[in-house]
Each structure stands twice: as structure tokens, then as C-alpha cells.
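> Test case, fold it:
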Amino acid sequence: MSFGQGTTFHVSDGLKFLNSSGDTMKLALLGGFNQPQFQSIDIDNDGIHDLFVYDRTGDKVMSLIADGSGNYTYRPEYDHIFPTFTSWVVFKDYNNDGKEDLWFRNYLVNGVSLYRNITQPSDPHIRFEVAKNVLRAYNFGQIIDTSDIYADAANIPAIEDVDGDGDIDFLTLQTIGFGVTLFLNNTVENDQPLDPPAFEEIDVCWGDFTEGTSSNQIILERYQFCYRKYYRYLKHAGGSSMLLLDGDDDGDMDLILGNAGFDNLIYLENGKTNLGMKLDSMIAYDARFPSYDIPARVNTFPASFMVDVDQDGKKDLLVAPNLTDKFSGYIAEYDNVLYYKNTGTTSVPKFIQQDSTWMNDQMIDMGSHTVPLFYDYDGDGDQDIISATNQGHLQTADKHDALYLYENVGSPTKAIYKLIDKDFLGLDKDSISGMHPTIGDLNNDGDPELLIGHHSGSLILYDLSGKGSSMTATLISKNAFSINVGYTAAPHIGDVDEDGIDDLLIGCVDGNVFYYHNQPVNNVADLTLVDDSLGGIIINELRPGTWYDQAKDTFIDTLLPVVYGYSSPFLADLDGNGKNELIVGGAGGNIKAFRDISKDLTSDFIEYPLKYYSDHKSMDLCYDFDAGGEVKPTVADVNDDGRPDVLVGNDRGGFIFYEHQDNECVVSAPTIPHEHEFTIYPNPSTGMIKLNSPFSGKRVVRVSSVDGKEVFNVTTSSDSVDLSSLRKGLYFIDYQFPEVRFRGKIILE
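Numbers count the residues shown, from 1 in each chain. I've put the predicted structure just below:
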């Protein structure tokens, strides 16, 4: 559903941004990189391999379409053809049909999923179907014959034909365990078809090497007691990223390893062929890889990826940070991708560093926590951009955000932006973290004020004076109006009830929106809390929880997903009827819209999901806004066509721009069939709910409160469950069959 004719958008590069040299940035509105993973695959099915990017921050997919000459164009409509990823994703052809299949960590089933590539020549893009929702492996000598193949959230596994027999094997390293575990695919050995694969867990010390327990150390010998899986739970320092390649073209697989807590890559040479060994065995290593050139250094926890970046037919090397846990290390959140060109051959690569800021210099990337605001700061009649940012975790540890100023050096009809100030108004010195700016006239004196939300939930008020380069900000209060919304205050100044006077909306971590009505007296704002959950809005998302146990030096995957809200409200007339819509961004990446809210501020608002339209390559479809995680919208008529446009900031440090257009969005985009999808309805509910899934038979239903305590447990064969005995509030549901688990949330009212 949409608002109707005239309220549709399309993802646009209509906003031009110039780099420091004055050249147009080709991928300015890609959204930024924090922990990107790179894969090569033909996304648009035109015969040319494209660049697939998955960023762990916000679990964001980015589809970069290649032209065959080393140039890329971002086509976000293709992002929606992939399932939801968490932690890692790998494309590898397992059934030898020439099409890369999809392997990924699926937190909904708490395991590794495999999707089969079923793309046909006539398809407008790549297509998948479920091959194995949960990959399992046989364990010889164990009480339980099979167990799930594992690859923890912190790690990136290696999926290759390790033994050279023609089927694809699986290598992984948990955060606890000395060695690399080999799940051997035995389809060829048993003279079976490649589809489906069949795995055995045969070795947890593959390669006969051991990692040190407290240093970046490699011991070139097998752990003395290591035999298959019995010593699987020995201690290992942090997580690991792995890339297998036959670097010396001798027929065995060498390994590039990156470790949590360190900034270097380690290359381990396999001596199986050289020394005539029966099993893979590492005989040498390079801890400064590539030591023959500039060693790859990424702060922190590097991961390496082989893709043909320049499209010359030879796979190059990209190196990027892999750590997401800011409590256990500093993370480089911009200028963080190293590009090493393969100047050797396909069989014997030689990687020479070309660019320490590959692709970052072609897009807006300020670090993370980007909060843009359209504002004509110089009064010249066009829209400039003021954006809050953390300036990068490595540089500031998220302790002092700043305002970046992008001046429109174009015109009101053709916006061209140039970064002219990385500390606009000099607020870096004020040590504000979680900065969220809004500008308006709360005291009704005809002059603007700058109100900034703080991560603590409080507000900071400045008085603005002057224009352009002479604009200054004078601190009025570090605890403005004595308001605190709990955590991550996201204020917006706007006329909520349309009485001609600016009011105040505030989003927060819980996902609700606070509404303060304003009745200024003698040019002094007088704010009264009217509603702490305006319109019944709750913007929150479920994500898998992963935390770092410093005492044990390991990452832990939590069974209970974490609730994030981070609501970010903004008022704007999207449909041109003279009434404001309320749009709200949140942690999950989508933006929700609520129409003509001033008509009734006391009832729950009806949601109208914002859509954008694509007519690229006969894909006449509509898609949800999806700019990544923790999205922050701002709205203005940027091109002076009388219609509002939407610029969105995110937690990857960049922008995505949605330009208004006239197509009516009435068609929903198809998605890959997910074996794990299910619905809970009605939601919210008064007690009786139905859990709809593709499975039948007995299932266990567990309900937990927000603090993780189990409050309901039943085994049933029915889709209906009565929760009327529970108190009103938000709950999490685990819906478990023998082979698959679903997770969701329910609001009882």
C-alpha cells in the first residue's frame, strides 16, 4: 500500500557530491562501509560478474553492477532479491552447474543455510531456492550421529574444494577451539550426486597447526591430543576470518587468516604436495602478508576476499575490518578497505597494493551514526546539508561527534554538494556523543535554535545567529527543558498540531516517539509532555545478540534476540495535501510513514509503508526503503520541483537519497521463498494468536519477557496459542520444530 499517485520515490543519484579535487563522486550515495564483505557474482544475469557487498553493520546488502571495464553502479532494487543475512555470506557453486550458490549464517534457524542458484537465461536477475535450511554433518563415534555445521557470528568460514575431489567442503573455526574444523563433503567419495551435499566432521585440527592462546602466534604442529571433535572446545583467542587459495599452484590449499584483536593477515603455506603428505599440513607462514609488498594492516580483525575488482579476468585481493564489537577494539569505519591488484597470474597471484581507500573515496563515508538535516544555512535559497557523525570509532571512540557541512554549490534546481567544514559551529569540543541535530524556532522569536539529542537521552540547546560562514552557535543549556527520554534522544522540531507554533518530537532507543506540545510565553518555550508514545508508534527490530566475554576471550551468540528501536521522527507533507505526515526511521533500516497525523493526535496512527519504484531492466516493482541500520530521515524539496525528497543517514556513515517521482507504487516485490518465514497474527493481540509456518506436526512454543525470563512453554500440534494469561507488554516467541526454529515478537494489549 502507498499514499497513492504522486507519493512514490526512487533511489536516485540526483544529488551530486564533489570530492576534495572537485570531481564528482561516482558512488556518493552508496551509504558507507564499516565491516564489508565482498563476493563476485552475476547479480543482474547479463553475463558479467558484479560486486556483491554485505556489511555486518545493519546487515546491509549492496548490489554493485559491473560494466565489464572496472566501473560499478549501485542498483538497490537488487538488494531485495537476497534473504536476510547475519554475520557472513559466501557464494560458491556446490553442484557444479556453473552457477554460484548461496551459503550464509541464518540466525533464525541458528545454523548455516544453503540456497541453490536456479537462475535461467531469461531471468532479469539471479534467483535462489532453499536447498538446505540447516546444514548438518555426520560425526563418527558420537552418541548423536549428526550435528549442525557451525560458523559462529564472529568468524568467516572458508567454503572450497579442500581435497580436490570435485565436491565443496566447509572449513570453520569457532571462537573456542585450537584448530580449524574440516567438514568434509563425501558425495564424490561415495559415488553420490553433488546435490545434495553430505558432510562428515572429520578433523578439528585441519592443517596441523595451532594458534597461540594469547598472542598472534602460529605453531606449525598439530595439537598433541587433537583427534576429530573430542578437543573441539579448547580455548582459542577470539574469532577468525579465513580465505582458502592455492597460492603457489601446487594442488593443495593454502590459507589466509585474520584474527580478532590483531590488525595483520597471516598466510599459511600448505606442504601436503611439496612433502608428499597424506593430509594437509601447514609448513610455513608469513605474519606480514603480503610481505613482498605493503603488508595488509586493518584495525582491527581483518578479513580478506578474492574478487576481480578491475574486471581484467584475474582475482584481486580486498582486505576490510571484520569486527563489530566496539567494546573489544577500535574499529576503522571509513577509509577502511585495502585494494591489492593481482599483478601475477590466475594460478600464481601476486598482490600489489593500489589504494588504501578503495571505493571509500568515491562515496560519502563519515564513519557511522550519520544524521543529516537539510537546512539553508547561508540563506541563498537552496538546500544545504548539515550532518552529525561520530567521525569514526577509531578516531573518536564515539565520544565526541561533530557536524559536517555540505554546501550546495549548485543551484535550487540542480543540487551539487561539497564538504566545506568537518566541525561546523565548532561543537566537537563539547564532547557530545550520539549527536542528533534539529533546527527550529521553539521560543517563537523568529530566529532559529539548534537542539541536539545526546546518547544519554537528554537535549542540548544552542542559539543560532548569523548566516553562512558567519553563523555561530551559543550554548543555552546542556540539559534543555530538563527532558530525558532514557537513551539516544532523536529530537525533531516541527508543528505537530498545525497551530502555527513549533512543537517537539523525540525518538529514543525503545522505538516510541515522545510528543511535547509547545506554548511559548514571552519568547520562552513552554513544553508540555502530551504523549510518550505518540500514535501508538513502536519502531523496533529483532536482531541476534552477540557479545564478547573478555574474561574468556571469546564471542558468545545469545539465544534471545536484542530489541533495538532508535526511532527518529520527522514531519513533512509527502502527498501535497497541506497536512503533515510523520515519518519515522529506526534500527531495522525501513522508514514508516503515518498520514495526516494532525487530524487525530489521540488515536493510534495507521501505518503507510514508504516504497520506492524501479523500472530498471523490466523490474517494474516497488520496494521498501532500506538504507541499512539505524536510519535517520530528513525531507526537503531539493530540486525545486514542488515535491519533497528524502535523504537518509545510517549507521555506516553515509547517505542514501530517495527522490520523489510520479509512479504509483501498488506492486510488491517478489522475494526468495524462505523456508524459515512465518507470521504471528493478530499482532498486537489481546491473547489468542496464530503462528503460521510452512511446517506441521508437534512444535514447542516458548515465550520470554524482554529481560529474557521464560514466562510460557507449551508443546502443541495446533497453530493457535492462548497467551491471555500473560500481562500486557512486549514478548519474544521461540517456535521450534525438530529441524527448524522460528523467532518473533508479540505485543499483548
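> Any regions of the stretch 301-450 of the chain where pLDDT drops low?
356 (pLDDT under 70).
> do that again at 50, thanks
For the stretch 301-450 of the chain, no stretch has pLDDT under 50.
> just the stretch 501-650 of the chain next, same as before
Using pLDDT under 50, the stretch 501-650 of the chain drops low at 545-550, 553-555, 558-561.
> show me where it has strands.
Remark: strands assigned in the stretch 501-650 of the chain by DSSP state E, counting those that start in this stretch are 503-507, 513-518, 527-531, 541-549, 554-564, 568-572, 581-585, 591-594, 607-609, 611-614, 621-624, 632-636, 645-649.
> Nearest to residue 185 among these would be which one?
Closest approach to residue 185 among these (C-beta to C-beta): strand 554-564, 24.9 Å. In short, each C-beta sits where N, CA and C put it, glycine included.
> Can you give me the end-to-end span of stretch 610-624?
6 Å (C-alpha to C-alpha, to the nearest Å).
> circling back to that earlier point, for the strands of the stretch 501-650 of the chain, give me CSV that also has mean neighbour count and distance to residue 313.
Converted to CSV, the strands of the stretch 501-650 of the chain look like this (neighbours: other C-beta atoms under 10 Å; distance: least, C-beta to C-beta, whole Å):
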stretch, mean neighbour count, distance to residue 313
strand 503-507, 27, 49
strand 513-518, 23, 53
strand 527-531, 15, 61
strand 541-549, 18, 38
strand 554-564, 18, 38
strand 568-572, 25, 45
strand 581-585, 27, 42
strand 591-594, 23, 41
strand 607-609, 16, 43
strand 611-614, 23, 31
strand 621-624, 20, 33
strand 632-636, 24, 41
strand 645-649, 27, 37
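> Residue 382: which of the ones you listed is closest?
Across the strands of the stretch 501-650 of the chain, closest to residue 382 is strand 632-636 (C-beta to C-beta), at 9.8 Å.
> Can I get the strands of the stretch 501-650 of the chain in TSV including distance to residue 382?
Formatted as TSV, these follow (distance: least, C-beta to C-beta, whole Å):
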stretch	distance to residue 382
strand 503-507	26
strand 513-518	29
strand 527-531	32
strand 541-549	35
strand 554-564	35
strand 568-572	18
strand 581-585	22
strand 591-594	24
strand 607-609	29
strand 611-614	24
strand 621-624	29
strand 632-636	10
strand 645-649	13
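> quick one: which of those strands is nearest residue 117?
strand 621-624 (20.9 Å).
> by contact count, what packs against that closest one?
Here strand 621-624 touches strand 611-614, going by 3 or more C-beta pairs under 8 Å, 6 or more residues apart in numbering; DSSP states H and E.
> just to revisit the earlier point, which one of the strands of the stretch 501-650 of the chain lies closest to residue 211?
Of all these, strand 554-564 comes closest under C-beta to C-beta, at 13.1 Å.
> Next one: the most far-flung residue of the chain relative to its centre relative to residue 479, how far apart?
Most distant from the centre of the chain: residue 522, at 46.9 Å, with distances by C-alpha atoms, centre = their mean. Per C-beta to C-beta, to the nearest Å, residue 522 is found 22 Å from residue 479.
> Equivalent analysis for residue 253, please.
According to C-beta to C-beta, residue 253 stands 60 Å off from residue 479.
> which of these two has more neighbours?
Using other C-beta atoms under 10 Å as the criterion, residue 253 and residue 479 rank with residue 253 on top: 23 against 13.
> Which residue, other than its chain neighbours, is closest to residue 508?
Once flanking residues are discounted, residue 508 sits nearest to residue 485: 4.2 Å by C-beta to C-beta, 6 or more residues apart in numbering.
> same thing with residue 16?
Leaving aside its chain neighbours, residue 16 sits nearest to residue 416 (4.5 Å; criterion: C-beta to C-beta, 6+ apart).
> so that neighbour makes contact with residue 408?
Yes - contact criterion C-beta atoms under 8 Å: residue 416 and residue 408 qualify, at 6.7 Å.
> For residue 187, see how far away the closest residue in space to residue 526 that isn't next to it in sequence is.
Of all residues not flanking residue 526 in the chain, residue 519 sits nearest, at 5.0 Å (C-beta to C-beta, 6+ apart). Distance, residue 519 to residue 187, by C-beta to C-beta: 74 Å.
> of these two, who's got more company?
The neighbour count for residue 519 versus residue 187, taken as other C-beta under 10 Å, is higher for residue 187 (20 against 12).
> so that one touches residue 193, yeah?
Yes - the criterion here is C-beta under 8 Å, and residue 187 meets it with residue 193 at 6.7 Å.
> State the distance from the spatially closest residue to residue 413 that is not a sequence neighbour to residue 578.
In space, and not counting its chain neighbours, residue 413 is closest to residue 640: 4.7 Å by C-beta to C-beta, 6+ apart. Distance of residue 640 to residue 578, computed by C-beta to C-beta: 19 Å.
> Looking at the two, which is more packed in?
residue 640 (14 against 8).
> Contacts only, for the more buried one.
For residue 640, the contact set (C-beta atoms under 8 Å, 6 or more residues apart in numbering) comprises 382, 412, 413.
> Contacts for the helix or strand containing residue 51 next, please.
Here residue 51 is covered by strand 50-55, with elements defined by DSSP states H and E. For strand 50-55, contacts defined as C-beta under 8 Å, 6+ apart pick out 33-44, 60-66, 72, 85, 88-89, 91, 307, 309, 628, 652.
> So in that sheet, which strands flank the helix or strand just after that strand, and in what orientation?
Sequence order places strand 60-66 as the next helix or strand after strand 50-55, per DSSP H and E. Next to strand 60-66 in the sheet, as set by DSSP bridges, lie strand 50-55 (antiparallel), strand 72-74 (antiparallel).
> Quick one: residues in contact with strand 60-66.
Under the criterion C-beta under 8 Å, 6+ apart, residues 27, 30-31, 43-44, 48-55, 72-76, 78-79, 82, 85, 311, 589, 626-629, 650, 652 lie in contact with strand 60-66.
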